[in-house]
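In: here is a sequence together with a model predicted from it:
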Amino acid sequence: MRRKLVAANWKMNGSKAEISALANAFVQGIEVASVDVAVFPPALYVEQLAGILAGTGIEFGVQNVSAAEKGAFTGEISMSMVKEFGCHYVLVGHSERRELFGETDAQVAEKVAATLEADLVPVLCVGETLAQREAGVTEQVVAEQVVAVLERVGIESFTRVVVAYEPVWAIGTGKTASPEQAQEVHAYIRSLLAQRDANVAQQCRLLYGGSVKASSAAELFAQEDIDGGLVGGASLIADEFTAICQAAKGA
Ligand code: PEP
């Protein structure tokens, strides 16, 4: 039985005051007894967030990391820095990083490998654009993104890697994939993993992301191959995110 995971991606939003208010509201409102919860703040606020979440069972991580160990990489953050501040998760290959910052499948695979080597949990984001869905190549696109990582880190690592299927056309647009559309791709991803190891495929957690709201979460999380969600916009509203975590508990 896979334990559900709900993750908040705050992207480049917040201030010290807002992060304090939101994190404290999460601590008050979210019960972590039967669901895992992760928060991805902007990296500058990790230390502040760590202080608020200490001892609550709510984990946190960064939205991006460098695969390089250290050195002349202006603007980047290393894995040892991420570890030093107590992060548990690393978001890797979000579509905004792929699209806006040109991250390639090969770079994403290196970041997943570096995260695993550091004993942290990578949340690997994959998903197709609207044009790709309309061209009927969703499975091909997702397969390429997953296989690039599989070939780098091996199937055994997917007991620890979390995969977030996030159709790009559903991110921040208010257009959620229907539970059936999401389940179809999740089942496909699990089958891809199962071709290499059926046991690992059963253990791997697959999250859905793309305009998840409290009103759509329960039905999405009830799908056989959906093991939780990666939530952007709705994670900036304490009551919405708390309700989404609650929906995962019941699913
Ligand atoms: C995301 O950024 O990963 C995301 C799913 O955003 P939203 O929920 O706003 O679509």
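Out: That came through fine.
In: what comes into contact with the helix or strand that contains residue 182?
Out: Using DSSP states H and E, the element containing residue 182 is helix 179-194. Residues outside helix 179-194 that contact it (C-beta atoms under 8 Å, 6 or more residues apart in numbering): 126, 138-139, 142-143, 146-147, 150, 155, 158, 163, 165, 167, 177, 200-202, 204, 206, 208, 219-220, 222-226. From N, CA and C alone the C-beta is placed, and that goes for glycine too.
In: what does the protein put close to the ligand?
Out: 9, 166, 171-172, 209-212, 230-234 (C-beta under 6 Å from any ligand atom).
In: for ChimeraX, write a command that selects the buried ones of those residues.
Out: Of the residues of the chain next to the ligand, the buried ones can be selected in ChimeraX as follows, counting by 16 or more other C-beta atoms under 10 Å:
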select :9,166,171,209,210,211,212,230,231,232,233,234
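In: let me see the contact set for the residue nearest to residue 173 when sequence neighbours are not counted.
Out: Take residue 173 and drop its neighbours on the chain: the residue closest to it by C-beta to C-beta, 6 or more residues apart in numbering is residue 211, 6.1 Å away. Counting by C-beta under 8 Å, 6+ apart, residue 211 touches 170, 171, 172, 173, 174, 175, 176, 232, 233, 234.
In: tabulate those (JSON lines), appending pLDDT.
Out: Output for those, formatted as JSON lines (pLDDT from 0 to 100):
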{"residue": "170", "pLDDT": "94"}
{"residue": "171", "pLDDT": "93"}
{"residue": "172", "pLDDT": "89"}
{"residue": "173", "pLDDT": "91"}
{"residue": "174", "pLDDT": "88"}
{"residue": "175", "pLDDT": "87"}
{"residue": "176", "pLDDT": "86"}
{"residue": "232", "pLDDT": "98"}
{"residue": "233", "pLDDT": "97"}
{"residue": "234", "pLDDT": "98"}
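In: of the residues you listed, closest to residue 59?
Out: residue 232 (17.8 Å; C-beta to C-beta).
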